[in-house]
Structures are given as structure tokens and as C-alpha cells.
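S.K.: Fold the stuff below for me.
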Amino acid sequence: MKRSILFISLMTLLAGVTLLVAQQNDLMEKKTLHAEKIFRALALGDLAQVSTEADALEKVTVDAGFANRSESYQEYGKEFLKVVRALKKEASNGNSAGSYYQFSRMSGLCFTCHEHVRDNKD
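M.R.: Numbering: from 1, shown residues only. The predicted structure is shown next:
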């Protein structure tokens, strides 16, 4: 009986972890897709599309939330949103150089946060 309860508990825990990982992977897929579209639009000089994709990326990020994450992850999330919003503003204003700069900052934040999460298991 104890083995059955332990087995069921472990399977429930495993299912929960699997779901969490799948949700995180889905979030990263969505964010990466928008980032790729931004990169393509920047390369083509389509700042209207950059603004549209930055807006979509902002919404995906806000919808995902950061409340249940570590303090450092929350800080990365806040900074990421700040930069995505700056990218959207630069693109909306027709500023190619500003858009390139903000996209570079955004990409750098992605790598820095992912490195932090991998190293610290946040």
C-alpha cells in the first residue's frame, strides 16, 4: 500500500514537472518566434512589422508573468520588458538605428538571463 501511494505521489510530481517544463518550452518558442520575426523585419527595413512583433512579444511576456519566479528572474523579466517597449517605441518612431540598438540589447538580455537560469537553476 505504501509503495502504491509513493508511486502515485511520484507520478503526480513528475507529471507536474513535465507540464511546467512544457509550458516553459512553449513560452520560449513563442518568444523566439517573435524575436526571429523582429530580426527579419529589421533586416528588411520594415519598422512597422518590428513594432507589431515587439508588441506581440511584450504581450506574450506579460501574460507569462514573473510572480512565481526568483527575484533575479523577475528583475531580468522587468528589464526585458523595458527593452522590448523601447524597441517598439523606436520602431514606431521610424528610427532604424534605435531599433537595431534595442534589438541588440534585447538579444543580449535573453542570453544573459538564460545563462543565469541554467547556472543558478532559477
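
S.K.: got the buried residues for stretch 88-98?
M.R.: 88, 90-92, 98 (16 or more other CB atoms under 10 Å). Placement of C-beta: from N, CA and C, glycine included.

S.K.: Outside of that stretch itself, list whatever touches it.
M.R.: With contacts defined as CB atoms under 8 Å, 6 or more residues apart in numbering, stretch 88-98 is touched by 42, 45, 47-48, 50-51, 54-55, 58, 86, 99, 101-102.

S.K.: Show the buried residues in these.
M.R.: 42, 47, 50-51, 54-55, 58, 86, 99, 102.

S.K.: quick one: which of those is nearest to residue 33?
M.R.: Minimum distance to residue 33 across these is 12.9 Å, recorded for residue 54 (CB to CB).

S.K.: quick one: buried residues of stretch 111-122?
M.R.: Here stretch 111-122 shows 113, 116-117 as buried, counting by 16+ other CB under 10 Å.

S.K.: Quick check: of the residues you listed, which lies closest to residue 37?
M.R.: residue 113 (20.0 Å).

S.K.: helix/strand/coil for the closest one?
M.R.: helix (DSSP: H, G, I helix; E, B strand; the rest coil).

S.K.: That one contacts residue 74, correct?
M.R.: No - applying CB atoms under 8 Å as the test, residue 113 and residue 74 come out as separate, 10.8 Å apart.

S.K.: Chain neighbours aside, what residue packs nearest to residue 54?
M.R.: Of all residues not flanking residue 54 in the chain, residue 88 sits nearest, at 3.8 Å (CB to CB, 6 or more residues apart in numbering).

S.K.: pLDDT at that neighbour, what is it?
M.R.: Looking at residue 88, its pLDDT stands at 98.

S.K.: Relative to residue 69, how far out is it?
M.R.: 23 Å (CB to CB, to the nearest Å).
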